[in-house]
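A.B. asks: here is my input; please provide its structure:
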Amino acid sequence: MDIDKIFSILKNDFDQNKLKHSEFVDFMENLKDPYLVLICCILSLRTNDKITIHAAKRMLELAKTPEEMRKISFEDLKNAIYPVGFYQNKASQILDLSCELCEKYNSIVPKTIDELTKFKGVGRKTANLVLTKGHNIAGICVDIHVHRISNRLGLTKTKTPDETELALRKILPKKYWIDFNTYLVTLGQNICKPQKPDCSRCPIEKYCMKMLG
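C.D. replies: Presented below is the predicted three-dimensional model:
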């Protein structure tokens, strides 16, 4: 499979906005700060982008650093992020995480997956996103879209996103790691959907295992 060609096509379509990316994708791309990426990613779990972006903006009006966040009351944060999924649990998680960062990490977000996943509720997907979008460190963030499309393309034959990430680390050139999530999430949201993918509009259709038989 010509991975270089696939990336070239997806990058071109993404850059020209032929693949319409959500406002939340742009929002996350522009954060740059690892703490902001971390807490906004926590909000996004099991919640659609349209709800998440508004909740994230309200949250960041309250605080933008661990020191500021730890001073916010649970009630204020809970109300700000409603109606994201599990908003009460996420409010507690963000406050606890912010306190832990202040007390144990001098308010500096760790730069390794092993350290990041020590925080309650932070899995490999979130950890990788913090590395790539917050620290600009190579990582492969695998969500349901990346997992699904990687298997449809035949890049992987895996059952879970974590398995897909580990498999991709072995075969995907490192220069593509950071952008892999952005391109495939955009493709998955627009075209390569779980049910009834719009293959006729897919820019990389000819590389799909479904088309290759």
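
A.B. asks: could you use CA atoms for every contact and neighbour count after this?
C.D. replies: Will do.

A.B. asks: in the longest helix along the chain, what counts as buried?
C.D. replies: Assignment by DSSP state H gives helix 87-104 as the longest helix of the chain. Residues of helix 87-104 classed as buried by neighbour count (16 or more other CA atoms under 10 Å): 87-88, 90-102.

A.B. asks: now do stretch 50-64
C.D. replies: Neighbour count says stretch 50-64 has I51, T52, I53, H54, A55, A56, R58, M59, L60, A63 buried, by 16+ other CA under 10 Å.

A.B. asks: residues in contact with the residue nearest the centre of the chain?
C.D. replies: Nearest to the geometric centre of the chain sits L129, at 5.1 Å (CA atoms, centre = their mean). L129 makes contact with V37, L38, C41, G139, I140, C141 under the criterion CA atoms under 8 Å, 6 or more residues apart in numbering.

A.B. asks: which residues of the protein score low on pLDDT?
C.D. replies: 210-213 (pLDDT under 70).

A.B. asks: ranges for the helices of it?
C.D. replies: Taking DSSP H as the criterion, the chain carries its helices at 3-15, 23-31, 34-44, 49-62, 66-69, 74-81, 87-104, 113-116, 124-129, 144-153, 161-171, 177-190, 209-212.

A.B. asks: show residues contacting the second one.
C.D. replies: Just to be clear, that refers to helix 23-31. With CA under 8 Å, 6+ apart as the criterion, helix 23-31 contacts V37, C40, D49, K50, T52, I53, K133, G134, T182.
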